[in-house]
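Visitor: Got a predicted model here, sequence first, then my questions.
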Amino acid sequence: MATERNFSADFARRLQALREQRGFTQTQLGQRAGMAPAAISHFETAQRVPSLESFAKLVDALEVSADSLLGRSELGDSAQVDPIFLKASHSNARTLDTVRRVTAAILESNEREKRIS
């Protein structure tokens with residue numbers, strides 16, 4: 001039970017921190033996630049733990065990785081997943097491979113430009 005309580009409290013703190021980092025009120029996050037503001041309040045006060053479906057909605061609404069919301073990565077830069085990469089991560093394998101190749105080519109070109117300068 002103590003471990004479950006710690007998880008709930010930790011999750012509540014992460015959810016609130018991510019919401020505040022993005023400048024959302026509980027109402028705004030609820031709207032983005034398609035849930036009542038009271039649900040967000042319950043999650044942030046550790047009165048309730050979201051269902052898997054609600055968790056997925058929160059991840060999408062906050063535009064973060066599931067790992068960020070679970071505390072498996074830092075809340076700083078890693079929580080600031082660019083929405084385009086978040087959308088790409090939900091794409092089919094062919095689209096994801098294309099995004100990887102294009103991104104790698106752009107980064108390689110950028111590195112070459114730095115070396116020339």
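Guide: Thanks, I have the structure now. Note that the structure is predicted; figures quoted are calculated from it, not measured.

Visitor: list the buried ones in the helix ranked longest in the chain?
Guide: Of all the segments of type helix in the chain, defined by DSSP state H, the longest one is helix 93-116. By neighbour count with 16 or more other C-beta atoms under 10 Å, helix 93-116 contains the buried residues residue 99. The C-beta positions use only the backbone N, C-alpha and C, and glycine is treated the same way.

Visitor: ditto for stretch 49-64
Guide: By neighbour count on 16+ other C-beta under 10 Å, the buried set for stretch 49-64 is 50, 54, 55, 57, 58, 59, 60, 61, 62, 63, 64.

Visitor: try stretch 13-25
Guide: By 16+ other C-beta under 10 Å, the buried positions in stretch 13-25 come out as 14, 15, 16, 18, 19, 22, 24.

Visitor: tell me the average confidence for the helix or strand harbouring the second one?
Guide: Assigned by DSSP states H and E, residue 15 falls within helix 2-21. Mean pLDDT, computed over helix 2-21, is 83.

Visitor: need the next SSE after that helix, C-terminal direction.
Guide: With elements assigned by DSSP H and E, the helix or strand that comes after helix 2-21 is helix 26-33.

Visitor: Please list the residues outside that following helix that contact it.
Guide: 19, 24, 36-41, 44, 54, 57-58, 60-62 (C-beta atoms under 8 Å, 6 or more residues apart in numbering).

Visitor: May I have the phi/psi pair for residue 47?
Guide: According to degrees, to the nearest 10, the main-chain angles of residue 47 amount to phi -80, psi -30.

Visitor: That one: neighbour count?
Guide: When neighbours are counted by other C-beta atoms under 10 Å, residue 47 registers 12.
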